[in-house]
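Participant: Just need the structure, nothing else, for what follows:
(chains A and B)
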Amino acid sequence: MPSYVDENTRVIVQGITGHQGSFHTIQMLKFGTKVVAGVTPGKKGSKFEGIPIVNSVKEAMEYEPNATMIAVPAPFVKDAAYEAIDAGIKLIYILTEKVPFHDTLDIYHQARVRGITLIGPNGPGITRPGYTKIGIMPNQIFRKGSVAVASRSGTLTYEIVDAITRNGFGESTVIGLGGDPVVGLTFVEVLKVFEEDPDTEQIVLVGEIGGSNEERAAEYIKKHVNKKVVAYIAGRSAPPGKRMGHAGAIIEKGVGTAESKIKAFNDAGVKVAEYPDDIPKLLRE
Amino acid sequence: MGKELFREYGVPTPNGYVVESQSDLKPVTHPVVVKSQILLGGRGKSGGIKFANNDEELKNYTQQLLGSQVRGYTVTKLLIEDKIEIEKEIYVSIALNRAERKPIIIASRNGGVEIESVPENKIIKVLIDPLLGYSPFIGRQITEFLELDKEKSRQFMKIVESLYRLFKVEDCELVEINPLVITKDGKIIAADSKVIINNDALYRHREINVTDPEKTPLEIEAQEKGYAFVELQGDIGVIANGAGLTMATLDALTLHRGRPRNFLDLGGTDSVDIVVNAFDLVLKAKPVAILVNIFGGVTKCDTVANGIVEAKKRFNIKQPIVVRLSGVNEEEGRGILKENGIDAFSQMMPAIEAVVKKVGEN
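Facilitator: Numbers count the residues shown, from 1 in each chain, chains lettered A, B, ... in the order given. Model (predicted):
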């Protein structure tokens, strides 16, 4: 499947009756997402917005899902993800923030060896205008188009997508990798998919301080990406050693500075916008 | 705390005990080391470690160090430890390698100095697949590189195995032994310990009570109230939503020669109180102006607007407040602000320019 999801994506929501799960299920339905079942242990037999609720992912398999959104509190995320892996769900998106990274390591590697895609934790999910949305991105900012966006942030992604849409462009796929030190997808993995995706003509990467995800992406772009890539990096004014909101947004022992990322992108021919609003200008050039 | 965990997991440490006053001192076999217990490294260089050769010296050093200031922290506890006869100092640590999404063991023949200062060819790095965990083949790669003899290899591998178990079970970001000492009688002992527990996992390690020593009092208060908050050196208070957008806001201010006073992320909630309490925190940092930058989604613009109006009233805010509201319910939000005499921008850059200008006027 190009770009991870399409009109045949059938989603279950683990934690559908929770505060986050219920609100975003309604928003996904409005966007046109096929939400086929909800999982909340002990609530089997009830319905939410007409969607059947079952006690386990195994029971939910009757509705033939191929993706799940996990919106349960952090202490229960590993169990929920393992349940989805065990049931054979092929795409797992974790909305929850503050998941211990040792749990994410286990989830990621168990998913990896089974060929399962993990998106998140602590990210806004994935949206393909005209096809489907899994996650929490606001519906009204999108227009179907040919710009693919991958980001380590949530709200900043909306800001940039909104600017792209306001300036007459549209989006093919928007994917939030998540703000944690360990997440399911890297920029490199997403670039591979975007490069092959026939709906995508231009690519926007929204990075931030911490780690070396952007530097690796720059190396990959040099060798393997022919489509135009532009970028924005958050945190150029961030002091070292401080966690800037996201668990992963920290300059540690000189690693993960904005300067290093901007330089790596520039060396790879990727223009980096000074302000989020400048992204459309770079796309137009 | 690190050494207690080491003992629990079977990593050998020097014999020792902790004292909080002179009366806690017990008979010891000299010589001993007296170490100030602080949460920062570099205490040796700062005079926080002393060597005592007899009871008299031990008493004097205890008196001298308890209550003293080491790197800005008051010493309330001392560790009294057997002095070990050092043959050689080596290094070992386990941390997270973010890019590979795996734990990584780092070891070196050069211990007792910061690992960053050791040349790469003196360091071995081995990734661990979390599904496989630690297995002796990993230890063998390291002991071969370190050129340890058979008996020392056996001890070293046991230490690394214990260390990995500690790293995993206690949800560590970092476990580090620097130096790991090879004694003159051929024992390997952890002379120092550093253990950092992952913040997000503290809920399942309730016995551990950690306050980040690098945090300011206001940052600690913010953390207790559930805000992602960082104090900075400038004069413009900042309230925004989302870590990325908040960082982008600080960056844009800085590029416009504005000086942000703080990072504050409202997070993905929709509550007037959260906005009001955010103002309470930012005001404690005494900014000369406040910038609110919201892209509404789950956090709705009218909720934020109501929070701003309430905060202005409740705290009698005199400083200029510049607001940008965009996204869900932006019209309603800007309407509420206008009724209360506050203008709001719909885009980010004009708001940045406006707040920098206001600060220039003051």
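
Participant: any idea how the chain splits into domains?
Facilitator: Defaulting to chain A. Per automatic domain parsing, the domain ranges recorded for chain A read A:10-119, A:137-284.

Participant: wait, I meant chain B there
Facilitator: Split by automatic domain parsing, chain B gives B:9-82, B:86-204, B:217-361.

Participant: The most centrally placed residue in chain A and A:Val183, how far apart?
Facilitator: For chain A, the residue nearest the mean C-alpha position is A:Gly176 (2.6 Å; C-alpha atoms, centre = their mean). With distances taken as C-beta to C-beta, to the nearest Å, A:Gly176 is found 9 Å from A:Val183. In short, each C-beta sits where N, CA and C put it, glycine included.

Participant: where do the contact lists of these two overlap?
Facilitator: Common neighbours of A:Gly176 and A:Val183 (criterion: C-beta atoms under 8 Å, 6 or more residues apart in numbering or on different chains): A:119-120, A:123.

Participant: show me what contacts the residue of the stretch 251-362 of chain B found nearest chain A?
Facilitator: Of all residues in the stretch 251-362 of chain B, B:Thr254 sits closest to chain A, at 3.9 Å by C-beta to the nearest C-beta. Going by C-beta under 8 Å, 6+ apart, B:Thr254 touches A:236-237, B:260.

Participant: Between these, which sits nearest A:Leu105?
Facilitator: Closest to A:Leu105 out of those is A:Arg236 (29.5 Å), distances taken as C-beta to C-beta.

Participant: That closest one: neighbouring residues, count only.
Facilitator: 21 (other C-beta atoms under 10 Å in any protein chain shown).

Participant: Among the contacts of B:Thr254, which ones are in helices?
Facilitator: Applying DSSP state H to these, no entry is found in helices.

Participant: where along the stretch 151-300 of chain B do the strands fall?
Facilitator: B:172-183, B:188-190, B:194-197, B:228-231, B:236-240, B:262-265, B:289-296 (DSSP state E, counting those that start in this stretch).

Participant: let me redo that: chain A
Facilitator: In chain A, the strands defined using DSSP state E lie at A:10-14, A:34-39, A:47-48, A:51-54, A:67-70, A:91-94, A:117-119, A:125-128, A:132-135, A:144-151, A:171-176, A:202-208, A:228-234, A:271-273.

Participant: These: which one's closest to chain B?
Facilitator: That would be strand A:228-234 among these, by C-beta to the nearest C-beta, at 3.9 Å.

Participant: partners of that closest one, with directions?
Facilitator: Paired strands of strand A:228-234, with direction, are strand A:202-208 (parallel), strand A:271-273 (parallel) (DSSP bridges).

Participant: picking that back up, and the shared contacts of A:Gly176 and A:Val183 as TSV, adding neighbour count, distance to chain B and pLDDT?
Facilitator: Formatted as TSV, the shared contacts of A:Gly176 and A:Val183 follow (neighbours: other C-beta atoms under 10 Å in any protein chain shown; distance: C-beta to the nearest C-beta, whole Å; pLDDT from 0 to 100):
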residue	neighbour count	distance to chain B	pLDDT
A:Ile119	27	14	98
A:Gly120	30	13	96
A:Gly123	30	11	95
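
Participant: Nearest to B:Val28 among these?
Facilitator: Nearest to B:Val28 among the shared contacts of A:Gly176 and A:Val183, with distances taken as C-beta to C-beta, is A:Gly120, at 53.1 Å.

Participant: Could you pull up the residues touching the closest one?
Facilitator: Contacts of A:Gly120 (C-beta under 8 Å, 6+ apart): A:93-96, A:176-178, A:180, A:183-184.

Participant: what sits opposite the closest residue to it other than its chain neighbours in the beta ladder?
Facilitator: Using C-beta to C-beta, 6 or more residues apart in numbering or on different chains and skipping the chain neighbours, the partner closest in space to A:Gly120 is A:Ile94 (3.9 Å). Bridge pairing for A:Ile94 (DSSP bridges) gives the partners A:Ile70.

Participant: Please work out how many residues are found near A:Ile94.
Facilitator: For A:Ile94, the count of nearby residues is 33 (other C-beta under 10 Å).

Participant: contacting residues for it?
Facilitator: Contacts of A:Ile94 by C-beta under 8 Å, 6+ apart are A:70, A:77, A:81, A:107, A:118-123, A:178, A:184.

Participant: same thing with B:Asp280?
Facilitator: Counting by C-beta under 8 Å, 6+ apart, B:Asp280 touches B:311, B:315.

Participant: so of the domains of chain A, which one's packed in deepest?
Facilitator: domain A:137-284 (a mean of 21; mean count of other C-beta atoms under 10 Å in any protein chain shown).

Participant: That domain: end-to-end distance?
Facilitator: One end of domain A:137-284 to the other measures 24 Å (C-alpha to C-alpha, to the nearest Å).

Participant: cool, and stretch A:92-109?
Facilitator: Its start and end residues considered, stretch A:92-109 measures 13 Å (C-alpha to C-alpha).

Participant: One more: stretch A:50-59?
Facilitator: 17 Å.

Participant: Touching, A:Arg143 and A:Ser172? I think so.
Facilitator: No. Look at A:Arg143 against A:Ser172 with C-beta atoms under 8 Å: they stay out of range, at 10.7 Å.

Participant: quick revisit: tabulate the strands paired with strand A:228-234 in TSV, adding columns for distance to B:Val169 and mean pLDDT.
Facilitator: TSV is the format used below for these (distance: least, C-beta to C-beta, whole Å; pLDDT from 0 to 100):
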stretch	distance to B:Val169	mean pLDDT
strand A:202-208	31	98
strand A:271-273	42	98
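
Participant: Generate CSV for these, with distance to B:Gly360 as supplementary columns.
Facilitator: Output for these, formatted as CSV (distance: least, C-beta to C-beta, whole Å):
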stretch, distance to B:Gly360
strand A:202-208, 29
strand A:271-273, 25
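
Participant: what's the burial count for residue 128?
Facilitator: As the question left the chain open, I've gone with chain A. Neighbour count of A:Arg128, defined by other C-beta under 10 Å: 26.

Participant: try chain B instead
Facilitator: By other C-beta under 10 Å, the residues close to B:Ile128 number 21.

Participant: Next one: it relative to chain A, how far apart?
Facilitator: Look at B:Ile128 and chain A: by C-beta to the nearest C-beta, to the nearest Å, they are 10 Å apart.

Participant: Ok, B:Pro27 next?
Facilitator: Taking C-beta to the nearest C-beta, one finds B:Pro27 at 42 Å from chain A.

Participant: Kindly provide the distance from that residue to B:Ile80.
Facilitator: Distance from B:Pro27 to B:Ile80, counting by C-beta to C-beta: 11 Å.

Participant: With A:Pro124 instead?
Facilitator: Applying C-beta to C-beta, the value for A:Pro124 to B:Ile80 is 53 Å.

Participant: again, but for B:Asn199
Facilitator: 31 Å.

Participant: Let me see the ranges of the helices in the chain.
Facilitator: In the absence of a named chain, this looks at chain A. With DSSP H, the ranges of helices along chain A come out as A:19-31, A:57-60, A:77-87, A:101-113, A:155-166, A:187-196, A:213-224, A:258-267, A:279-284.

Participant: wrong one, chain B
Facilitator: B:2-8, B:55-65, B:136-146, B:150-169, B:217-224, B:243-255, B:272-284, B:301-314, B:330-339, B:348-361.

Participant: Comparing the ones you listed, which comes out most buried?
Facilitator: helix B:243-255 (a mean of 27).

Participant: residue contacts, residue 53?
Facilitator: No chain specified, so I'll use chain A. Residues in contact with A:Ile53 (C-beta under 8 Å, 6+ apart) are A:16-17, A:37-40, A:43-47.

Participant: Sorry, I should have been clearer: chain B.
Facilitator: Listed by C-beta under 8 Å, 6+ apart, the contact set of B:Asn53 reads B:30-31.

Participant: so how far is chain A from it?
Facilitator: Using C-beta to the nearest C-beta, B:Asn53 is found at 37 Å from chain A.
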